[in-house]
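Chemist: predicted model and sequence below, questions to follow.
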Amino acid sequence: MRLNIDVTMDYQLTGHDTVLLTLEAAQTDGQAVIESTLDVEGADLRWIEVEGMPGRRVWAHVTSDRMKLRYRALVEVTRAGAALERLAGTPMRDLPGEVVSYLRPSRFCQSDLLTEFAAQQFRGLDGGARIAAIVDWARSEIAYVPGSSSATTSAVDSFVARRGVCRDYAHLVCSLARAGNIPARYTSVYGADVDPPDFRAVAEVWLEGAWHLVDATGMSSAADMVVIGSGRDASDVAFMETEDWARPLWQKVDVRRV
């Protein structure tokens, strides 16, 4: 499947600013970036890799008080979604070093505070069967309510409130997976035909020696998502970070099948 991605952003900045952007499609397993362009009006750009975290980031030094951006890409997605319940877990002693950090609690994924609940709710389940049960629980217990959370909402907040958006579902899945000793990371993606169209968040879980995408909202599948980047939680892969205050004037994310 091929997906066209078209992103337009216009932000008011506090004077000249340096902006960290995480919005380019990654060259990674299951997808190939056929073509892409990133134009930031009047800005000097510098691309960087973040050690241990998939996806490329861009430092944009903006020389005015407005950041006007256009990102376009054509990406071919070749991954097929696996049946989660059929995938085996990996014993902790066999986990590779690069996934161990995704067992730990983080700022928005306080897995240590959900350990007792996870042990009771998903007792007797392991590996992909446990992840499938976590997804089913999230879909039945959490209401998708736009505007119901903020940039400071954590997995525990969403667990208590029983509502959230894609960011909150991803944090909850990651937290509950880690609480059961399954490595899980937060992943930003573009998804086709999702509502509302925007930068999206899903979880990835480590099963049978590979990462598997999981969208607990049910809005997208592994076959129609384009990965941007991954990290411990939303703080690692925010699509835009600024040194000072910034105000959105216009933003549009359009993802379509070709």
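Modeler: Received, thanks.
Chemist: quick one: contacts of stretch 163-174?
Modeler: The contact list for stretch 163-174 (Cβ atoms under 8 Å, 6 or more residues apart in numbering) reads 102, 108-109, 111, 131, 134-135, 138, 142-149, 153-155, 157-159, 184-187, 200-203, 205, 214-217, 219, 233-234. Heads up, the C-betas are built off the backbone N, CA and C, glycines and all.
Chemist: quick one: buried ones out of those residues?
Modeler: Among those, those buried by neighbour count (16 or more other Cβ atoms under 10 Å) are 102, 108-109, 111, 131, 134-135, 138, 142, 144, 149, 153-155, 157-159, 184-187, 200-203, 205, 214-217, 219, 233-234.
Chemist: among the contacts of stretch 163-174, which are in strands?
Modeler: A143, Y144, A184, R185, Y186, T187, R200, A201, V202, A203, V205, V214 (DSSP state E).
Chemist: and the furthest pair within these?
Modeler: Pairwise distances across these peak at 24.6 Å for A143 and R185 (criterion: Cβ to Cβ).
Chemist: okay, now the unreliable bits of the stretch 1-150 of the chain?
Modeler: For the stretch 1-150 of the chain, no stretch is flagged by pLDDT under 70.
Chemist: in it, which spans are strands?
Modeler: All strands of the stretch 1-150 of the chain, identified by DSSP state E, counting those that start in this stretch, fall at 2-13, 17-21, 31-40, 43-50, 53-62, 66-77, 143-144.
Chemist: figure out the length between the terminal residues of stretch 168-188.
Modeler: One end of stretch 168-188 sits 12 Å from the other (Cα to Cα, to the nearest Å).
Chemist: my guess is T37 meets Y71, correct?
Modeler: Yes: T37 is within contact range of Y71, at 7.3 Å (criterion: Cβ atoms under 8 Å).
Chemist: okay, those two: which has more neighbours?
Modeler: Shown here are T37 and Y71; by other Cβ atoms under 10 Å, Y71 has more neighbours (20 against 9).
Chemist: show me the contacts for that one.
Modeler: When contacts are counted by Cβ under 8 Å, 6+ apart, Y71 touches I5, D6, V7, L23, E24, S36, T37, L38, D39.
Chemist: so how far is Q12 from the second one?
Modeler: Yep, that's D6 we're talking about. Distance, D6 to Q12, by Cβ to Cβ, to the nearest Å: 22 Å.
Chemist: kindly report the same for the first one.
Modeler: In this structure, I5 lies at 24 Å from Q12, with Cβ to Cβ as the measure.
Chemist: neighbour-wise, which of these two wins?
Modeler: A direct count of neighbours by other Cβ under 10 Å for I5 and Q12 places I5 higher, at 22 against 12.
Chemist: find the nearest non-adjacent residue to the more buried one, please.
Modeler: Among residues not flanking I5 along the chain, A73 sits closest, at 4.5 Å (Cβ to Cβ, 6 or more residues apart in numbering).
Chemist: you'd agree the one you found is up against Q27?
Modeler: No: A73 lies out of contact with Q27 (Cβ under 8 Å); the separation is 11.0 Å.
Chemist: got any residues that touch both of the two?
Modeler: Common contacts of A73 and Q27, defined by Cβ under 8 Å, 6+ apart, comprise V33.
Chemist: more neighbours, these two?
Modeler: A count of neighbours by other Cβ under 10 Å puts A73 above the other of A73 and Q27, at 21 against 14.
Chemist: what are the bridge partners for that one, then?
Modeler: Under the criterion DSSP bridges, A73 forms beta bridges with I5, S36.
Chemist: make 38 the starting number, not 1.
Modeler: Noted, 38 is the first residue going forward, which turns the last one into A110.
Chemist: how near is it to E86?
Modeler: A110 is 18 Å from E86, by Cβ to Cβ.
Chemist: repeat for D235
Modeler: Going from D235 to E86 by Cβ to Cβ gives 25 Å.
Chemist: my guess is D54 meets D281, correct?
Modeler: Yes: the pair D54 and D281 qualifies as a contact (Cβ under 8 Å) at a distance of 5.9 Å.
Chemist: higher neighbour count, those two?
Modeler: Using other Cβ under 10 Å, the more surrounded residue of D54 and D281 is D54, with 20 against 10.
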